[in-house]
Each structure stands twice: as C-alpha cells, then as structure tokens.
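Engineer: fold the following, please.
(2 chains)
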Protein chains: 2
Amino acid sequence: MSNPEVEPVILTGQSRTHLENLEPLSRKVFLPLSGPTPRDNRAIADRIRQALAPDYGRVAFPLSLMAELPGLWLLNNARGPLTVTLAETENSWRIMDIEAGDTRRNHLGLAIDIGTTTVVVYLVDLASGEILRHAPDYNGQVPLGEDILSRIRSAAEAEGLENLRQAVLGTLNRLIRRLSPAPGDTRAISAIAIGANTTMVHLLLGLNPASIAKVPYTPVVNNPGILTAAEIGLEVHPLAPVYCLPSVGSFLGGDVVAGILVSGLHRQTEVSLFVDIGTNGEIVLGCADWLAACAGAAGPALEGGVTTFGMRAEPGAIDRVSILPGGSPQVEFSTIGNIPARGICGSGLVDTLAELFLHGLVDRRAHLLNGQEQFLLVPRAETDPALDRDIAVSQADIDNLMATKGAVNAAIDLLLENVGCSWQEIHHFYAAGAFGQYLPVESAIAIGLYPDLPRAAIIRLGNSSGEGARQALLSRAKRLEAEAICSKLTYFELNAEPAFMDKFRSSKFLPHTDLARYPSVEKRLADQKSSEL
Amino acid sequence: MSNPEVEPVILTGQSRTHLENLEPLSRKVFLPLSGPTPRDNRAIADRIRQALAPDYGRVAFPLSLMAELPGLWLLNNARGPLTVTLAETENSWRIMDIEAGDTRRNHLGLAIDIGTTTVVVYLVDLASGEILRHAPDYNGQVPLGEDILSRIRSAAEAEGLENLRQAVLGTLNRLIRRLSPAPGDTRAISAIAIGANTTMVHLLLGLNPASIAKVPYTPVVNNPGILTAAEIGLEVHPLAPVYCLPSVGSFLGGDVVAGILVSGLHRQTEVSLFVDIGTNGEIVLGCADWLAACAGAAGPALEGGVTTFGMRAEPGAIDRVSILPGGSPQVEFSTIGNIPARGICGSGLVDTLAELFLHGLVDRRAHLLNGQEQFLLVPRAETDPALDRDIAVSQADIDNLMATKGAVNAAIDLLLENVGCSWQEIHHFYAAGAFGQYLPVESAIAIGLYPDLPRAAIIRLGNSSGEGARQALLSRAKRLEAEAICSKLTYFELNAEPAFMDKFRSSKFLPHTDLARYPSVEKRLADQKSSEL
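Structural biologist: Model prediction:
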C-alpha cells in the first residue's frame, strides 16, 4: 500500500535514444500571413487551410477555433503572422490551436508510463525531444486492488470501473499540474504518449476489462489509435492527441511493446532476449525476422509483496547484502536512505540468496543447511525501533524467490524450444524496468535470474515503458515501428503447454539445472571453495 | 414578417437529378463478425478497424463507442454481425455508430436550404437517395432583421450573434423533430448537407459576420469543411458530419454554388446564364471552361417588400393578372388559396406590368399613360373585408419593379462585356428559386426580366439550394464538383464599375433598351396592335 509519508523510489531513469527526425504527435506551423487586401480577400479560415495543404493535406478545422479568428486576426488591427498547432489524427491532421506570432519554441508534450503500481510522467520539449522534468507517484488505483486481477475484479463492482478510472486520472492530473510550465497552464501541453499494460490502458480509458481475464482473453482494444485528451479526461489541451502504445493481447501490453522498441532487438540480425519481471513477467525472444513472447504472473518475491519482511524499495529497505562466511556468518548490508532497516526489498533478497549460495549456506536446491528455517540478517537492536523484531530471510521467502526464478527459467527454455533456438544463440539480454535497473547483476546471475552472458551483453533499459512512450510521442516512424512489432509478435500461451510445469519443477536449481550454462558462477563457486580451504 | 396564422408558401419542389453512384457523407457497413475464439482472440475494436481498413483506411474510433463494445458484443452472449456507421471527415473516416445486426436500410440524412427568409429541411433516405419527407418554415431570424445587412448589424449587438444562431437553430431543430422517423429519434439521422448564403452559414455556425460587410469583404470562412452536428448544435446524431456547400465570397454563397451545381452549366460547352433574384440577386454566366458572376441587392419588388399592397406569396396574394383592354380595362386575377384578395405578390406584379405594357397602358419607360398615379386591380368591395381599401398598383410600385429589372439587365450586360461574350451565345437560362418557379414566363419575358430565348431553353430549377444540398449529401463527387466551381468562379464587383450605373439607367426600358433582343415580345406587341385595330 502506498504510504504518503514515505517518498517512493520509482524508476524514472531511462536508456535514451537520440531521434534523428522529430515528427511529434502535434506540430507547430508558422504562417507568415498578411492582409487581407481587396486583391486577396479569401476567407481567413480558407487561407490558413490552403497554407497548410501542401504539407498536411486537408486538415480538419474545429468550429470553436474558427470562431476565434475574427477576434484573433480578422477584426484585429494588429494582424500579423500566426502559429497553428496541428494534432495528428488517423491518416490526417486537425487544427488544435491558433496563436498570434511565432510560438514554435513553446511546444510541449508528455510521455507517460502507467504501471500497475507506479506512474511516471515526463514533460518533453517537442521542439528538441529532450525531457525537461518528470514526476513519479504510486498509481492511485493501488488501494482498489494490488495487482491486475484484483483490479479487474474491482472493475466488475458497481461504480468500480469509474472509480478505477478516476483514481488513475487523479494521479496523472496531479502529476501533470506539478509539471505544467506555468501554474495552471496545462493547456500548453499539446500531445501525450502512454506506455502501459493492457489492463491499465482499459482502466484509464474506462473500458470494461472483464474479457481480458476470461477465455479466450480478448481485450476490448489493443491499439486505441489516436484519441483526444478530452475524451480521456487528461487535463492538458482538450484536443491534444493521445497515443497509447499498442498491446499484443491481454497479457502483452504497450509497456512491453515499448520495451522492445527501446531495446531495438526487433531490428537486429542476432537473436536477443528481453525480460521484464514485476508483479507479472514478460519474456520476448527474437530478432529482425521474428518475435516470440510469453507472459505470466511472476509471483511477488521481487516486489516485496509476501516475504516475511518484504517491502517495496522505500527508505529503510535493505537493498544490498554481503555475507562474510565463518562459524557465525557476518552480514553487511545497506538500506535505501541509509536509515535503520525496516525490511528487505527485491534486490536485497536476490543479494542474500546469491551470497548464501556462493558461501555454501544453501544447497543447489536453495535449502538452508541443516534444515534451518531462517537466516538472520539484522538483529532487532539494529533495526528501526518501530519494527521491534529481528529481520531474517526465511526458507519460505527463499522458496518464493526460487519459484519466480524457476518460472523465468522455464519460460525462457520453453520459448527457445518453441522457436527452435538454442541458449548459445542469445546475443543480448535486455533487462527492463526495476528488474533491470536495481538488481545486482552478479547476484542475479549467481541465482540464475539473469543469463550468464558477457557482462557487456547485459543491458539495463531503465524505465523502457516511459522511454518507449517518449519515442512514440516524438516520432511517427517509432509509432509505426511499435505497430509493426505487434503484428510480428507471436504469443505463446504457456499455461496451455503441459511441458511448462515439468520445466518449472526442474528449474528450481541454483543457478540452473544445467550448470554448464553458468560458467562464471561455476568459477566463482570454485574460487570460493578454494579460498575457504 | 412571419405570421403564424398563415401557412407560408415556401418553394420546396426541385428539379431532381438522379445520381448514379451514391457516396453519402455517412456510410453504413455490414460486418459479419463471429467469435472471438482461442484461435482469433484479437481485440474487438481492432477487429472492427481491420475489417474496415481495405475500403476506408485507418478510421478514427471515438472512445465513447469503444466503451460500448463489451455490452454490445464482447460480453454479450448473442454475439453476431454488426453494422458500423462511418462519418466522412477531412481525408478520412470516423466511426460514429455501431449497431447489432444489419441496419443498412435504416440510413437517413438531411438536405437543408437556409434562406434569409425561408428554411426547408428534406429528410433523405441515404440508401436510395430519395427524399422521404420535407418541412418548410420561415427563418426564425426574420424578427431580428429582415435582410442580410440588418442581420449583420444585429449580430454586432450584445448577445446578437448568439441570439441569431439560436434563432435559426430553433427553426432547424423544430423542423428536424417534425421529420424524425420516430418521435424523438433524431439520432437516427447521420449526415447533413446545407445550402445557404455566406451570412446564413456564419450565423448558423456562430461566426462573427462583421467582416463580410466591410472592405475588403473577407468572410471568416468560405469552405467550413466537414463539421459535426454537436459542434453546431443540430439535434441529430452528435457525430453526424455536416457539410455546408462552400461559398465563393461574401456575396456569392453556397446557395448559388448549389444552384450552379444543379444546373450543370459548369459542365456544358455552350455558355449559359444562371439567375436567382430574391432580396439579393446573383447572376452567373459561364460554361465548362470559365465561370463569371456578380451579385447585389435586387430591391424588394419581387419579394412583396415595399410596394403599396405588396405581400409575400401567402394566401390572399394576387399571383396572376390578366387585363382585358377597352375603354375601362377589365382585370381578371387569381389569388393564392382562392380567397378574397389581400395584396399582391411578386408574380402578380410582374403579370400586371406585362399586361399593362402589352395593352399599351404604360409606355416603354413603364410610365402609366396620361400621368395616372395608379392602376386599379381590385375594388374595395371585392377585397378581403379586413383590408377595407381598393387594391391598386401605383407608379411607385412599377418604378420599384423596373429598378429590379434594370439592375438585372445591367448586370447581365456588364458580365457579358467583361467576359467578351454576346447575348446570342447564351444557350440556356436557368432561373433559380421562387424567381424561377413562380414568375409567369411570358410576362417575365415581356417585361425583360427573363431573356427572350426559345421556351425550352428556359429552365426552372426550383429550390436549387436544397437540391444542391441533397446532391452534396449523397455524392462525394458532387461535393468536389462544388469546390471546383468555387475555385473556377471569377467574381465581378459591379459597384466598382462606373459603367454599371450608366447601364442601369439605360436599362429601364420595356422589355429592354434593345428591342431586337426580344423578338417574341415585339411580335406580341404587333399582334396586340393589329387585334385592337
């Protein structure tokens, strides 16, 4: 649950791509108009449309803007050049604003990442493509349901869908006001792109998500096309075009498509792997010729959900652990914010298991030695006084993490088998989101959550959903690329494959059933042993 | 002034063209959807868009309609085919309605003629192109200003523009409700096309018309493109596309462009003349290669405006007159509705002057013989008792009619001179509106208001503004044709030509300064003389 007293640690950083040609969702066009004169007394609206025609074809002209022309220009003695803002629509353009003078440098848009748990809004300068500011927060829907399935259930209650819609709109509009260039001037923002999973898109748009969770898992919409801010309720310019990155289906959303887009794996000749593990996990394998994906619940181990002392990555969470082995092993750790420990978050748990494994304190099946039930991390005296308990990692906590890891291993193996590709062919490993950003690489490899590739081939994408949204906001080519990714992608329904459970069961070894796939871990284990001799 | 107790006689009949290919502003498309199935679980909105793509490209999908899909289809056990209504937009299409089953036969639109004085709404079956019903009324703006200039003045007052807009909207929405297929079901109407003059379009759209009447006579808009009913306030389907036939400028509106479109003169190799005379007069000369036009105030003589007993074409108006010459000439007449006479309307006045001229009761300058001040038509005893006076035509009434006739003659002559064309080259004479429909042809020729062409070359177009709107409603080709007419048409500003006043002064002869142009009238005069000898 979100706690307003605690500053969230929300992933906002991104691996950013420089875009060569900016083709944002909204455009500003300078029109050096003069007149009218007896020789050129064309109607002013027609003159504007004719001036735009060579580059933009027949543009739509909303009546409310036509009605402003007499005051703005025709009956105004200070007639001069105008700047017209155009909104992209399906196959065409709509005039969305007309201002006196040259206002091309004042051109703003938003890239938005809506996660099930967290939301980040980026204010983007559409003239330069740069991010000016950003603002993160928890998704206001969290109190109405922690995960996607509970949100879908909640949407089925009376007023449930509308409450969920208003909750996320409330979060977004609060962040937008915080980012707005001048207090209250959210109207200056003229375009929005959004990366979010299929359910988050449905709830934002007020679309009943019931069919997402029912056989045959058919969403209302995968590609909503270009909508307007007014239709959705986003408090920017009401005619601002809003583009949601398209989904592939119920379980592969625009956030994943954004991640593929940012990784660029869909344009490479070699096969690469894209993995994002949060409450849900999505795995994409592919190259320029083909894309295959699967998805499923990943378990809450990495999200701090159900482990005994699990917590989100908030101040007081243990995020790094190292163990000095010996008769009574010594634990070194750090916490977020360097304050007394209150619990342990995903990265701390991964570090703990890796250290336990490397120092022989758990076996390859991740069982604590001698049937111990827990491993003490921080004695009560050193914890946050409010906690008033020891902080330990229990065998149940470890089992949860192993289930997540096992599911990831099984899914990757099954995808490889389905497309007839071997582990050795994987060229890059793209780790998205918090899963990519905060996990300690060596520990993640040690427990087999990341593959044991040359370290330069392991690429953290950061908030790729937000960066994909920024690219879609700024580039028509990238929007088309996102749609091409969707049509190329084959989704494998793992639950439908009996082989999945077999693989899952046999994947619960550290780092992997097949140790030969983890040569660097094998070497560390050997080094460790020799140093302890 | 409109009188609610009197049924107006409003021209609603038209010379109708059969359109080969119906391409209405809104389309109904039948989609034989089934599923979804595990093999085809594409999102329903995407399936609809994909099904439309081959014929309609990327269509816009309003969020409000996407939100209806779960209830209409996705979560409905009676899933079956759907009918999608598409609205044409600039260069593209927008989904405006989705209905269960096949509703293609229930497809309605409106063709609307908005005159300064009268309004006619036609309910059109968009599947067949036929007019199902129509409803006429006076324009609700009349009490706020009789003619165009007084409306423009009235629009400049506080709330003036909004009052004028509401007045015409009130008239239109009342007529629309009267025509609606089921009581209150105006939503079934999915497209509208409008023929109206430039000022009427501005007032309907709420656009400040001030610049129309000020040098350099620049309207806010000539071609508003495709708007929506909701933007304008027309109470049909809110997303219904509304197309106003484009204007050429302040003085040549979409009503005249509609008239040219209906006449077809812009597609003929021979030169023809199009004339519409109401409160204002518009004259168009041209052929497939060129179009020239002029316009101006025509004087109110034909509208029953200021002549002593002048009245609109309402019951009790004298509409036909013949005179049996003799020592005391006998007058035969008919009235509209065959009730006692209350006054005289335009056609009665034209008949009277023609008869007076043919029987030598006025001279060629249209002066009553012997300086008489008036000519008695109906003695008090035979008139409507409420009138309690003789009905007569005064010399001043005749002078007013001669001014109108003279202005028409002068304008035609000047247009011919400007384009270097002779009278003999005129192939057809298209007479639009009430001017074409109700005037007695022989009398109109006798006084020189119509040219003396072979009678088969004189073509009455009826309500060509309404018929042009019907064609624009039903045919994309006709809409493009209307726009091509606008770009081809050269407007001549007669007030700017000193020659106009000269021609005007010398045009006040019956039937024309140059009697040789009126051979049939010359013959009637000769016949008349010989019979009276």
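
Engineer: near A:A381, how many other residues are there?
Structural biologist: Close neighbours of A:A381, defined as other C-beta atoms under 10 Å in any protein chain shown, add up to 7. C-beta here means a position set from N, CA and C on the backbone, and glycine is covered the same way.

Engineer: quick one: it from A:D388, how far?
Structural biologist: As judged by C-beta to C-beta, to the nearest Å, A:A381 and A:D388 stand 10 Å apart.

Engineer: again with A:G57
Structural biologist: 69 Å.

Engineer: neighbour count winner among the two?
Structural biologist: Using other C-beta under 10 Å as the criterion, A:G57 and A:D388 rank with A:G57 on top: 14 against 8.

Engineer: OK, contacts around that one?
Structural biologist: Shown in contact with A:G57 (C-beta atoms under 8 Å, 6 or more residues apart in numbering or on different chains): A:92-93, B:90-91.

Engineer: pipe those residues into CSV and attach neighbour count per row.
Structural biologist: Formatted as CSV, these follow (neighbours: other C-beta atoms under 10 Å in any protein chain shown):
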residue, neighbour count
A:S92, 22
A:W93, 24
B:E90, 18
B:N91, 17
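
Engineer: now the residues you listed as TSV including pLDDT?
Structural biologist: Listed next are the contacts of A:G57 as TSV, based on pLDDT from 0 to 100:
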residue	pLDDT
A:S92	92
A:W93	97
B:E90	90
B:N91	87
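
Engineer: can you tell me which of the residues you listed is nearest B:G468?
Structural biologist: Comparing those against B:G468 with C-beta to C-beta places B:E90 closest, at 20.6 Å.

Engineer: show me the contacts for the closest one.
Structural biologist: A:57-60, A:92, B:225-226.

Engineer: what about 7 Å?
Structural biologist: The contact partners of B:E90, by C-beta atoms under 7 Å, 6 or more residues apart in numbering or on different chains, come to A:58-60, A:92, B:225-226.

Engineer: nearest to B:S394, of those residues?
Structural biologist: B:G225 (49.0 Å).

Engineer: can you give me every residue that contacts that closest one?
Structural biologist: Contacts for B:G225 were tallied using C-beta under 7 Å, 6+ apart; they are A:60-61, B:90.

Engineer: kindly report the same for A:A341.
Structural biologist: Neighbouring residues of A:A341 by C-beta under 7 Å, 6+ apart: A:316, A:318, A:335, A:378, A:383-384, A:391.

Engineer: could you identify which of the residues you listed has the most neighbours?
Structural biologist: Neighbour counts for the contacts of A:A341 peak at A:I318, which has 27 neighbours (criterion: other C-beta under 10 Å).

Engineer: that one sits in which helix or strand?
Structural biologist: Using DSSP states H and E, A:I318 maps to strand A:317-324.

Engineer: so which bits of that strand are buried?
Structural biologist: Using 16 or more other C-beta atoms under 10 Å in any protein chain shown as the test for burial, strand A:317-324 gives A:317-323.

Engineer: neighbours of A:H428, how many?
Structural biologist: A:H428: 19 surrounding residues under other C-beta under 10 Å.

Engineer: and the least confident of the contacts of B:E90?
Structural biologist: Least confident of those in the model: A:S92, at 92.

Engineer: measure that residue to B:I226 for me?
Structural biologist: In terms of C-beta to C-beta, A:S92 sits 11 Å off from B:I226.

Engineer: low-confidence ranges, the stretch 251-400 of chain A, go.
Structural biologist: Applying pLDDT under 70 to the stretch 251-400 of chain A picks out residues A:299-301, A:303-307.

Engineer: just the contacts of A:A341: which are in strands?
Structural biologist: Of these, the ones assigned to strands by DSSP state E are A:318, A:335, A:378, A:391.

Engineer: leaving out sequence neighbours, find the closest residue to the first one.
Structural biologist: Distances taken as C-beta to C-beta, 6 or more residues apart in numbering or on different chains put A:G348 closest to A:I318, at 3.9 Å, once the chain neighbours are dropped.

Engineer: and the one you found, what does it touch?
Structural biologist: Contacts for A:G348 (C-beta under 7 Å, 6+ apart) come out as A:317-321, A:333.

Engineer: list phi and psi for it.
Structural biologist: Dihedral pair for A:G348: phi -70, psi -40, per degrees, to the nearest 10.

Engineer: could you measure from it over to chain B?
Structural biologist: As judged by C-beta to the nearest C-beta, to the nearest Å, A:G348 and chain B stand 39 Å apart.

Engineer: what is the nearest of the buried residues of strand A:317-324 to chain B?
Structural biologist: Nearest to chain B, judged by C-beta to the nearest C-beta, of these is A:A317 at 38.1 Å.

Engineer: centre-most residue in chain A?
Structural biologist: With distances taken as C-alpha atoms, centre = their mean, A:S465 lies nearest the centre of chain A, 3.4 Å away.

Engineer: which element is that one on?
Structural biologist: Per DSSP H and E: helix A:464-474 holds A:S465.

Engineer: can you pull the pLDDT of the residue nearest to the centre of chain A?
Structural biologist: Model confidence at A:S465 (pLDDT) stands at 96.

Engineer: and the stretch 1-150 of chain A, which of its residues are near chain B?
Structural biologist: A:36-38, A:41, A:43-46, A:57-63, A:66-67, A:69-70, A:74-75, A:89-92 (C-beta under 7 Å from any C-beta of the partner chain).

Engineer: likewise for the stretch 201-350 of chain A?
Structural biologist: Selection of the stretch 201-350 of chain A residues close to chain B by C-beta under 7 Å from any C-beta yields A:205-208, A:210-211, A:215-225, A:227, A:231-232, A:249.

Engineer: how about the strands in the stretch 101-250 of chain A?
Structural biologist: Assigned strands in the stretch 101-250 of chain A, in chain order: A:108-114, A:118-125, A:131-138, A:189-196, A:226-228, A:241-244 (criterion: DSSP state E, counting those that start in this stretch).

Engineer: could you do the stretch 251-400 of chain A as well?
Structural biologist: Here the stretch 251-400 of chain A has its strands, by DSSP E, counting those that start in this stretch, at A:272-277, A:280-286, A:291-297, A:317-324, A:330-335, A:343-344, A:374-378, A:391-394.

Engineer: could you dump the ones you listed into CSV and include distance to A:H107?
Structural biologist: Converted to CSV, the strands of the stretch 251-400 of chain A look like this (distance: least, C-beta to C-beta, whole Å):
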stretch, distance to A:H107
strand A:272-277, 32
strand A:280-286, 34
strand A:291-297, 34
strand A:317-324, 39
strand A:330-335, 42
strand A:343-344, 44
strand A:374-378, 51
strand A:391-394, 50
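
Engineer: I'd like to know which of those strands is closest to B:V29.
Structural biologist: strand A:291-297 (32.1 Å).

Engineer: buried residues in that closest one?
Structural biologist: A:291-296.

Engineer: just flag the most distant two among those.
Structural biologist: The span of the buried residues of strand A:291-297, defined through C-beta to C-beta, is set by A:L291 and A:G296 at 17.5 Å.

Engineer: any idea how far A:L126 is from A:E20?
Structural biologist: For A:L126, the distance to A:E20 - C-beta to C-beta - is 15 Å.

Engineer: could you do A:A484 as well?
Structural biologist: 18 Å.

Engineer: quick one, which of these two is more surrounded?
Structural biologist: The residue with more neighbours, out of A:A484 and A:E20, is A:A484; 13 against 8, by other C-beta under 10 Å.

Engineer: and the residue nearest to A:V275 when sequence neighbours are not counted, what does it touch?
Structural biologist: Nearest in space to A:V275, with sequence neighbours left out and distances taken as C-beta to C-beta, 6+ apart, is A:I283 at 5.3 Å. With C-beta under 7 Å, 6+ apart as the criterion, the residues that contact A:I283 are A:275, A:293-294, A:411-412, A:415.
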